[in-house]
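> Requesting a structural model of the entry that follows:
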Amino acid sequence: MYGSLPSNGPAEYNAKIHTAMTKAEKAGLTWAGFEKKYPKVFRILSEILKRSGLVTFDGWLEEITKEKGRGRRIHSQIQETPASKAEYMQTTRWERMPSLEELFNSEVALEHAPALSAPYDGSVMWIHREITDELGDV
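Numbers count the residues shown, from 1 in each chain. I've put the predicted structure just below:
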């Protein structure tokens, strides 16, 4: 599905992701704190967000540089400045990758990853193994 979290099926997989997201929000973690505490889930969410087309700071900076007529500068010469970072942060949160300094917000991931809205209530944990062995897990 999205990565290599161990699971017995999509519902359990999503439950693990949602559990990590819920704990991160309750703890008031930033995206950097989320990355440190839940590195596997962070990598999965980052990949989902990148694939969904959210612009990264580097991508945004390169595009802005081209728009301002400085497109001839090679990317390695484009540097992050406090002003450019502040301007990037003014971009709508739903259109850009979250900054590591921002508070973790699961809505960003859920907005761009419809598959994460599959059942994740933990009920898969209550299904006996014989049933899932015979019928599979959905």
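> For T30, give me the backbone phi and psi.
T30 adopts backbone torsions of phi -80, psi 170, taken as degrees, to the nearest 10.
> To what extent is it buried, counted in neighbours?
Applying other Cβ atoms under 10 Å, we find 16 residues neighbouring T30. (C-beta placed from N, C-alpha, C; glycine too.)
> Pull the contacting residues for it.
Contact partners of T30, counting by Cβ atoms under 8 Å, 6 or more residues apart in numbering, are 100-104.
> what's the pLDDT at P82?
As predicted, P82 sits at a pLDDT of 81.
> nope, T22 is what I meant
Reported pLDDT for T22: 93.
> The biggest helix by length in the chain: which residues count as buried?
Across the chain, the longest stretch assigned as helix under DSSP state H is helix 10-27. Under the neighbour-count criterion of 16 or more other Cβ atoms under 10 Å, helix 10-27 has 10-18, 20-21, 24 buried.
> got a list of what the most centrally placed residue in the chain touches?
Centroid-nearest residue in the chain: L45, 2.9 Å away (criterion: Cα atoms, centre = their mean). Contacts for L45 (Cβ under 8 Å, 6+ apart) come out as 17, 109, 113.
> In CSV: those residues, plus pLDDT and distance to D58.
Output for the contacts of L45, formatted as CSV (pLDDT from 0 to 100; distance: Cβ to Cβ, whole Å):
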residue, pLDDT, distance to D58
I17, 89, 26
A109, 83, 20
A113, 78, 22
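> returning to that earlier point: write the ChimeraX selection for whichever of the contacts of T30 are buried.
Applying 16+ other Cβ under 10 Å to the contacts of T30, the buried members can be selected in ChimeraX as follows:
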select :104
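> Sitting in strands, which of the contacts of T30 do you find?
Using DSSP state E, no member of the contacts of T30 falls in strands.
> any chance of the contacts of T30 in CSV, with distance to S84 and pLDDT too?
Listed next are the contacts of T30 as CSV, based on distance: Cβ to Cβ, whole Å; pLDDT from 0 to 100:
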residue, distance to S84, pLDDT
L100, 16, 90
E101, 15, 90
E102, 17, 91
L103, 22, 93
F104, 24, 95
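> That's all I had, so thanks and see you.
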